[in-house]
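> Below is the sequence, then the predicted model.
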Amino acid sequence: MKSEDLAEVRRTLWKAADELRANSTLSPSEARGPILGLIFLAYAEHRFEQIRPELEAKATARRPITPDDYRAQSVLYISEEARLSYLVNLPEEEDLGEALDTAMRLVETHNPDLKGVLPRGYQRLQKSTITEMLRLFAPLPRTLSGDAFGLIYEDFLSNFAMAEGRLGGEFFTPYSIVRLIVEIIEPYHGKVYDPACGSGGMFVQCATFVERHKQSATRELSVYGQEQKEVTVPLAKMNLALHGLSGDIKLGNSYYDDLHHAVDKFDFVMANPPFNVNGVDKDKLASDPRFPWGLPNTDNGNYLWIQQFHSALNDTGRAGFVMANSAGDAGHSEKEIRRQLIESGSVDVMVAIGTNFFYTVTLPVTLWFLDKAKHGTDREDHVLFIDARHLYRQIDRSHRDFLPEQIELLANIVRLYRGEQMEAVDGSENLMNERFPDGVYVDVPGLCKIATRAEIEAQGWSLNPGRYTGAATGDEDDEDFVENLSSLQEEFARLSDTADELIVKVNTAVTRILAG
């Protein structure tokens with residue numbers, strides 16, 4: 001399918017699904033399950049029908065095909081009653097809601113890894129709504145390829161996340177951010193861990209990366225996730241199954257529960273954790289090996305996450321994660337933890353991202369990259385800082401992303417820094433030639449700078465890329481002013497929260513003294 005045709009299909013499907021949602025009594029979060037369930041069934045049938053002729057050709061009377069044969073090919077077994085092509089042709093008097101709930105149950109019965117995962121409750125929907133939804137989604141198995149299905153599923157996750165606002169951002173990290181993280185950590189093979197996995201987008205992009213490099217993701221990758229929200233775990237499991245991946249996704253609060261026994265275990269860690277969380281009960285974390293540099297005094301979870309990511313890596317592991325800008329310059333106990341992290345030699349790359357890339361916050365963020373394999377190399381004493389705040393595509397007034405060539409440019413800067421081969425499949429050649437005409441890494445004002453540990457110490461152990469890259473020639477000040485103001489707003493809100501807590505503590509102490 002041509003890209004413009006696929007784009008039209010995606011727009012048509014979302015517009016129609018959005019109209020169906022608007023004309024029902026369901027909220028966006030309630031509509032999400034039934035609609036994603038139908039996309040899931042469509043893709044499952046597509047993959048099933050692709051492999052069925054090959055397997056049936058090998059079948060004999062003594063050795064008929066079983067669901068296990070499909071699962072061995074990383075394909076779900078879909079019985080006839082669970083296929084959209086069957087459901088859409090049911091007689092008009094049939095209860096379609098009941099038939100869809102039965103279809104979901106049958107898929108889970110034949111594919112035990114999905115037990116309790118797929119959505120139910122289609123009987124609560126109006127029959128006209130179900131009929132229209134089936135009309136929309138039933139033709140998909142015959143008209144779309146696997147990659148197209150993946151893009152449509154991701155589109156719907158993204159659109160639901162946007163519709164649900166802050167709550168939506170808890171399960172979905174925008175594609176271009178995930179793609180950039182994956183391109184920089186380069187997860188060719190090994191164990192991948194995300195302790196705040198949401199809908200599993202990090203894992204899917206890892207698999208896409210492997211497939212893009214002509215390898216089998218199911219053979220090369222093992223994925224492990226943990227997610228605090230019970231309603232989000234099924235989204236992740238559906239997303240993995242949709243892309244032919246099996247993974248171990250557990251329900252748990254990653255501050256307190258280390259359900260995968262993660263210390264020193266993983267080749268790659270990826271995450272977009274919640275920022276600036278307060279109220280974590282640190283008494284429960286005493287002597288936890290995931291926090292080797294101690295617990296921050298401030299009531300803020302950022303450096304709990306950062307230490308978790310670092311401690312989960314094995315001796316050659318890499319991590320890439322999203323973090324609030326304030327973490328790069330935080331003082332006091334957080335600064336001391338950051339100093340120890342930098343002195344460990346594991347901090348590899350820091351990338352500043354501009355405003356409006358996320359659904360949860362409009363503030364700019366920073367991508368952190370750790371690499372324990374740096375130890376003993378020429379890079380051990382260095383950190384690459386990249387300021388990508390001026391690179392983006394404006395999607396609409398309040399949302400941005402990266403173009404593929406911009407992602408490739410940023411990843412290629414890292415590859416040059418590491419002494420690796422550049423890639424040129426997404427059109428970054430001109431962008432690279434403008435900045436690195438000799439094909440070797442150089443510091444580019446306003447874009448990238450390699451700093452030594454001594455330079456970082458001189459900056460008060462700051463990991464804020466803007467302190468090192470400087471300004472590009474001819475840069476406008478307006479964008480920097482907005483970025484700086486946003487960062488100040490974030491820090492002010494954080495300090496205000498701390499001040500409120502201190503006021504309560506002081507008032508309590510004074511009351512006790514006066515009550516004497």
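On my side now, so go ahead.
> wait, what's in contact with residue 280?
Residue 280 sits next to 255, 299, 301, 304 when contact means C-beta atoms under 8 Å, 6 or more residues apart in numbering. Heads up, the C-betas are built off the backbone N, CA and C, glycines and all.
> mind checking the SS state of it?
Judged by DSSP: H, G, I helix; E, B strand; the rest coil, the three-state class of residue 280 is coil.
> So what's the residue count around residue 230?
8 (other C-beta atoms under 10 Å).
> who touches it in this structure?
Counting by C-beta under 8 Å, 6+ apart, residue 230 touches residue 251.
> distance of it from residue 121?
Per C-beta to C-beta, to the nearest Å, residue 230 is found 16 Å from residue 121.
> got the CA coordinates for stretch 362-375 in CSV?
Taking C-alpha atoms only, stretch 362-375 is exported to CSV below (Å, rounded to 0.1, in the frame of the first residue of the first chain):
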residue,chain,number,x,y,z
THR,A,362,4.1,20.9,27.5
LEU,A,363,7.4,21.4,29.2
PRO,A,364,10.7,20.5,27.6
VAL,A,365,12.4,17.3,28.7
THR,A,366,15.8,15.7,28.5
LEU,A,367,16.6,12.2,27.2
TRP,A,368,19.3,10.5,29.3
PHE,A,369,21.5,7.7,28.0
LEU,A,370,23.7,5.4,30.1
ASP,A,371,26.3,3.0,28.8
LYS,A,372,28.2,0.7,31.2
ALA,A,373,30.2,-0.6,28.3
LYS,A,374,32.1,2.8,28.2
HIS,A,375,34.1,1.7,31.2
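> List the buried residues in that stretch.
Going by neighbour count (16 or more other C-beta atoms under 10 Å), the buried part of stretch 362-375 is 363-374.
> what about that stretch, average pLDDT?
Here stretch 362-375 scores 93 as its mean pLDDT.
> where along the stretch 201-350 of the chain do the helices fall?
Per DSSP state H, counting those that start in this stretch, the stretch 201-350 of the chain carries helices over the ranges 201-212, 217-220, 233-242, 302-312, 332-343.
> One more: the stretch 351-500 of the chain?
With DSSP H, counting those that start in this stretch as the criterion, the stretch 351-500 of the chain has helices spanning 404-418, 429-435, 453-458, 466-469, 477-515.
> where does the stretch 51-200 of the chain have low pLDDT?
141, 143-151, 153-154, 157-158, 161-172 (pLDDT under 70).
> where do the helices sit along it?
So, for the stretch 51-200 of the chain - with DSSP H, counting those that start in this stretch - the helices run 67-72, 84-87, 96-110, 127-137, 140-143, 146-164, 166-169, 175-185.
> Let me have the ones you listed in a markdown table, extended by mean neighbour count and distance to residue 292.
As requested, those are exported to a markdown table (neighbours: other C-beta atoms under 10 Å; distance: least, C-beta to C-beta, whole Å):
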| stretch | mean neighbour count | distance to residue 292 |
| --- | --- | --- |
| helix 67-72 | 15 | 40 |
| helix 84-87 | 19 | 51 |
| helix 96-110 | 19 | 41 |
| helix 127-137 | 18 | 49 |
| helix 140-143 | 17 | 49 |
| helix 146-164 | 20 | 34 |
| helix 166-169 | 16 | 30 |
| helix 175-185 | 24 | 22 |
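> Save these as a markdown table, and put in distance to residue 379 too.
As requested, the helices of the stretch 51-200 of the chain are exported to a markdown table (distance: least, C-beta to C-beta, whole Å):
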| stretch | distance to residue 379 |
| --- | --- |
| helix 67-72 | 42 |
| helix 84-87 | 51 |
| helix 96-110 | 48 |
| helix 127-137 | 49 |
| helix 140-143 | 47 |
| helix 146-164 | 34 |
| helix 166-169 | 33 |
| helix 175-185 | 14 |
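> I'd say residue 137 and residue 84 touch.
Yes: with contact defined as C-beta atoms under 8 Å, residue 137 counts as touching residue 84 (6.2 Å).
> Now do the shared contacts for those two.
Common neighbours of residue 137 and residue 84 (C-beta under 8 Å, 6+ apart) are 38, 41-42.
> Reformat the residues you listed as a markdown table; add secondary structure.
Output for the shared contacts of residue 137 and residue 84, formatted as a markdown table (three-state DSSP):
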| residue | secondary structure |
| --- | --- |
| 38 | helix |
| 41 | helix |
| 42 | helix |
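> Next, find the distance separating residue 390 from residue 317.
Taking C-beta to C-beta, one finds residue 390 at 31 Å from residue 317.
> want to throw the shared contacts of residue 137 and residue 84 into CSV with pLDDT and neighbour count?
Below are the shared contacts of residue 137 and residue 84 laid out as CSV (pLDDT from 0 to 100; neighbours: other C-beta atoms under 10 Å):
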residue, pLDDT, neighbour count
38, 87, 25
41, 90, 27
42, 85, 25
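> ok, now which ones touch residue 191?
Here residue 191 is in contact with 221-224, 265-268 (C-beta under 8 Å, 6+ apart).
> which of those residues count as buried?
221-224, 265-268.
> Pull out the buried residues from stretch 345-362.
For stretch 345-362, the neighbour count (16+ other C-beta under 10 Å) marks 345-361 as buried.
> Restricted to strands, list these.
Counting by DSSP state E, these place 347-353 in strands.
> Return the closest of the residues you listed with respect to residue 325.
Lowest distance from residue 325 to those (C-beta to C-beta) belongs to residue 352, with 7.6 Å.
> Surely residue 75 touches residue 51?
Yes: in this structure, residue 75 is within contact of residue 51 by C-beta under 8 Å, at 5.0 Å.
> Comparing these two, which residue is more hemmed in?
Between residue 75 and residue 51, counting by other C-beta under 10 Å, residue 75 is the more crowded of the two (22 against 15).
> Please report phi then psi for that one.
phi -130, psi 140 (degrees, to the nearest 10).
> which residues touch it?
Counted by C-beta under 8 Å, 6+ apart, residue 75 has contacts 47-48, 50-51, 244.
> same deal with residue 329?
460, 462-464.
> will you turn these into CSV that also has distance to residue 60?
Below are the contacts of residue 329 laid out as CSV (distance: C-beta to C-beta, whole Å):
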residue, distance to residue 60
460, 73
462, 68
463, 63
464, 66
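> quick one on the thing from earlier: go through the contacts of residue 191 and flag which are in strands.
Using DSSP E, the contacts of residue 191 in strands are 221-224, 266-268.
> Which of those residues sits closest to residue 311?
Out of the ones in strands among the contacts of residue 191, the member with the shortest distance to residue 311 (by C-beta to C-beta) is residue 266, at 10.0 Å.
> Tell me how many other residues surround the closest residue to the closest one other than its chain neighbours.
Nearest-residue entry for residue 266: residue 193, 4.2 Å, with adjacent residues in sequence omitted and distances by C-beta to C-beta, 6 or more residues apart in numbering. By the measure other C-beta under 10 Å, the count of residues near residue 193 is 28.
> Am I right that residue 193 is in contact with residue 263?
No: distance between residue 193 and residue 263: 11.0 Å, which falls outside the contact criterion (C-beta under 8 Å).
> Spit out the residues that contact the two alike.
Shared contacts of residue 193 and residue 263, counting by C-beta under 8 Å, 6+ apart, come down to residue 312.
> sorry, back to before: what would the shared contacts of residue 137 and residue 84 look like in TSV with distance to residue 94?
Below are the shared contacts of residue 137 and residue 84 laid out as TSV (distance: C-beta to C-beta, whole Å):
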residue	distance to residue 94
38	17
41	17
42	19
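> about what we covered before: could you identify which of the contacts of residue 75 has the most neighbours?
Counting neighbours by other C-beta under 10 Å, the top entry in the contacts of residue 75 is residue 47, with 22 neighbours.
> Not counting its own residues, what contacts the longest strand seen in the chain?
Longest strand in the chain, counting residues (DSSP E): strand 313-324. Contact with strand 313-324 is made by 173, 177, 181-182, 184-187, 264-273, 275-276, 302, 305-306, 309-310, 312, 346, 348, 363, 365-373, 375, 490, as judged by C-beta under 8 Å, 6+ apart.
> mind checking pLDDT for residue 259?
Looking at residue 259, its pLDDT is 97.
> Please tell me how far it sits from residue 228.
Applying C-beta to C-beta to residue 259 and residue 228 gives a distance of 11 Å.
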